[in-house]
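Chemist: starting from these lines, generate the structure:
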Amino acid sequence: LKLHDTSKKVIIDQIGLLHCIEFTQYLNDVAIKHIIAESVEEILSGLKDSNQIITSKRLALPTYLRTRVNIIEFNEKQLPLDIESQILQQISVQQLIQLIDYQHDKSSLQCITRHNYRQILDMSEGYGFAKEAKHLKENLINDCQDIKTYDDILSLGDIWGRYIYCTYRTGKDPDNELVGKVDKATEELILHGIVKSAFYESTINFKTVDRIVKYIKNKNDSKVALVCFDGMGAAEWHLLEEYLTEDNFSFEEKYIFALIPTMTRISRSAIFYGNVDKVYEIKSPNEDKAFKEIYNERNVGIYREGQLQSDEHLLGVDTVKIIYNVFDDIAHKTILPPSEKNKGMYFMNVRNYLGKSSIKKELMLLKDEGYNICICSDHGCVVATGNGQVIDKYLIDASSKRATIIVKSELSKFYDTNTYEIPFVKDKVVLLSKDRSSFSYKNKIEVTHGGITLDELIVPFVEVVS
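Modeler: The predicted structure follows:
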């Protein structure tokens, strides 16, 4: 591609490989200026900077432009693979990257055909996830030693979520020693209130779920859809992301804090009320009403899964709220055997459900109808072991067995727990089960939430960009 040649050039990417995050990040790392042009006009504008590489997808370039600038075609002939054209059109860019890495690292030059590509794809995929998990583990070990700010915790949550998902995709358990290190490195800071400062961030740089609606409203998009996946932590997001990118969805993502306790009643309510302290006082939250009041000047449509079957359901609607309970429902319904202490079975159940659900079709409808789609979540989940401290009558939510809110001094002296001071709320604290345990029958294994592990506390905020 002659990347370091400073002459004016436009690289036409026939495959899409040069528009992936891995390649653009490489260009950033080696300080090569670049833009991705979506039109001839953007190419002409980009050519004003002679030190800038321009990449573009398939465009019919006028003859006069071809005489002014060097045009480089990047197609299957430039790939370090022997792959049939038909197969190249069927696989995703991420799968292509995994194939290239696999064959390079294994010094394998096997021809990829319609007869063997499934087998080779499976091997390269497993190899890729295992390689990434190893790299992420090294990052986690290093980063755990120097956590000082809430931004450090968010960054660690991002890496941790990816690590958990990669271990699942390789069929391995997360490293137990690493789990302990990550939990210990973050728990003390969180219990001592480091998250409180995150609530003071600006709207454009928000770090907590209660600021989502204000951020979206300030953008003032003509049509917007706020899509909440209840129970989707960072690891779960990667599962959903993989499911959606099969149909060419592209995303800009960041990670933010759920509210503590990490449960629907508190954290999801905060999303749609747009308020951090009010949700701790409301006994019967009404999210739909609160969201409509925030957007009282617009036509709001409220939906659940299966209710967006055609564009007729969106007539006259410029602001959409939609809730998907796939992650939370399956988490609470997944029964784990005593020896199973990872999310593998839960993830498998979610993947099977997504493949048969209408979720992708509904999001595609919103995209096609011109809505700017924002995807969010209220909390994640964790595999927890019952600690024998059954306090069902005190739990706010029977399905969230890792925490509850109590009046100060009540209960805490009777149980072996941690307590968390709620920011901006004076008379109440959160009672938290220690480590990865739950307020349940001794040694009962279940997928639940409410606590302060990175699995539960760090959630994605994602904007669909393509």
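
Chemist: please make it C-alpha for all contacts and neighbour counts, starting now.
Modeler: Noted.

Chemist: can you list the weak-confidence ranges in the stretch 301-450 of the chain?
Modeler: For the stretch 301-450 of the chain, the stretches flagged by pLDDT under 70 are 409-414.

Chemist: now with 80, please.
Modeler: When residues are selected by pLDDT under 80, those of the stretch 301-450 of the chain lie in 393-394, 396, 408-415.

Chemist: quick one: the helices in it?
Modeler: Along the stretch 301-450 of the chain, the segments classed as helices by DSSP state H, counting those that start in this stretch run 326-333, 344-356, 359-368.

Chemist: buried ones in the last one?
Modeler: By neighbour count on 16 or more other CA atoms under 10 Å, the buried set for helix 359-368 is 359-360, 362-367.

Chemist: between helix 344-356 and that helix, find me the angle.
Modeler: Helix 359-368 runs at 50 degrees relative to helix 344-356, counting by axes from the mean of the first three to the mean of the last three CA atoms, to 10 degrees.

Chemist: hmm, who's touching helix 359-368?
Modeler: Taking CA atoms under 8 Å, 6 or more residues apart in numbering as the criterion, the residues outside helix 359-368 that touch it are 225, 244, 305-306, 308-311, 373.

Chemist: which of the residues you listed count as buried?
Modeler: Members of those that pass the buried threshold by neighbour count (16+ other CA under 10 Å) are listed as 225, 244, 308, 373.

Chemist: hang on, the earlier thing: between the buried residues of helix 359-368, which sits nearest Phe291?
Modeler: Proximity of the buried residues of helix 359-368 to Phe291, judged by CA to CA, is greatest for Leu366, which lies at 18.8 Å.

Chemist: circling back to that earlier point, export the buried residues of helix 359-368 to TSV and tack on distance to Tyr295?
Modeler: Converted to TSV, those look like this (distance: CA to CA, whole Å):
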residue	distance to Tyr295
Ile359	25
Lys360	26
Glu362	22
Leu363	21
Met364	24
Leu365	22
Leu366	19
Lys367	21
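
Chemist: greatest separation within those residues: which pair is it?
Modeler: Ile359 and Lys367 (12.4 Å).

Chemist: so which of the contacts of helix 359-368 are in strands?
Modeler: Secondary structure assignment (DSSP state E) places 225, 373 from the contacts of helix 359-368 within strands.

Chemist: wait, Leu27 touches Ile21, no?
Modeler: No: in this structure Leu27 lies outside contact range of Ile21 using CA atoms under 8 Å: 9.9 Å.

Chemist: centroid-nearest residue for this structure?
Modeler: The chain has Trp237 as the residue nearest its centroid, 3.5 Å off, counting by CA atoms, centre = their mean.

Chemist: so it, which of the three states?
Modeler: Three-state assignment for Trp237 (DSSP: H, G, I helix; E, B strand; the rest coil): helix.

Chemist: check which helix or strand covers the residue nearest to it when sequence neighbours are not counted.
Modeler: The spatial neighbour of Trp237 that comes closest, neighbours along the chain excluded (CA to CA, 6 or more residues apart in numbering), is Pro460 at 6.9 Å. Following DSSP states H and E, the helix or strand that holds Pro460 is strand 458-464.
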